[in-house]
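1. sequence first, predicted model second:
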Amino acid sequence: MAKIIWTKLALADLDSIYDFIAKESPFYAQKTIEQFLSRVEMLSEFPEIGRAVPEYMKKEIREIIEGNYRLFYKVEKKGVYIIRVHHSARRIKGRRNT
């Protein structure tokens, strides 16, 4: 089983998403975060389950989809690094134009 490692940016994304949804419904905010955690937990057994992120040219940067969110991660020898949690309607900042 691969170790799941959350980056500071990904954890900050979770906090921001929770805060945004909680303005309307703390219940659904909590459910959303729980869904993310459940999806990410699958990566410990199946780290290659997600597809390569089409905006990038690196096959090691992958994503899984949960609702309207894209969970970006990178598979390395030490484990699976959760890089960002990103709403699919938003533009990805810092992507290369190739």
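-> The structure has been received and is ready for your questions. Owing to the predicted nature of the structure, the values given are computational and were not obtained by experimental measurement. Numbering: from 1, shown residues only.
2. in the sheet, who's paired with the most centrally placed residue in the chain?
-> Nearest to the geometric centre of the chain sits residue 71, at 2.0 Å (Cα atoms, centre = their mean). Taking DSSP bridges, one finds residue 64, residue 85 as the beta-bridge partners of residue 71.
3. start at 142, not 1
-> Understood, numbering begins at 142; the last thing we discussed is residue 212.
4. need the contact list for it.
-> Residues near residue 212 by Cβ atoms under 8 Å, 6 or more residues apart in numbering: 177, 180, 181, 191, 204, 205, 206, 223, 225, 226, 227. The C-beta positions use only the backbone N, C-alpha and C, and glycine is treated the same way.
5. what does residue 162 give?
-> 169, 170, 173.
6. sec struct for it, please.
-> Of the three states, residue 162 takes helix under DSSP: H, G, I helix; E, B strand; the rest coil.
7. quick check: closest non-adjacent residue to it.
-> Spatial nearest neighbour of residue 162, excluding adjacent residues (Cβ to Cβ, 6 or more residues apart in numbering): residue 170 at 3.8 Å.
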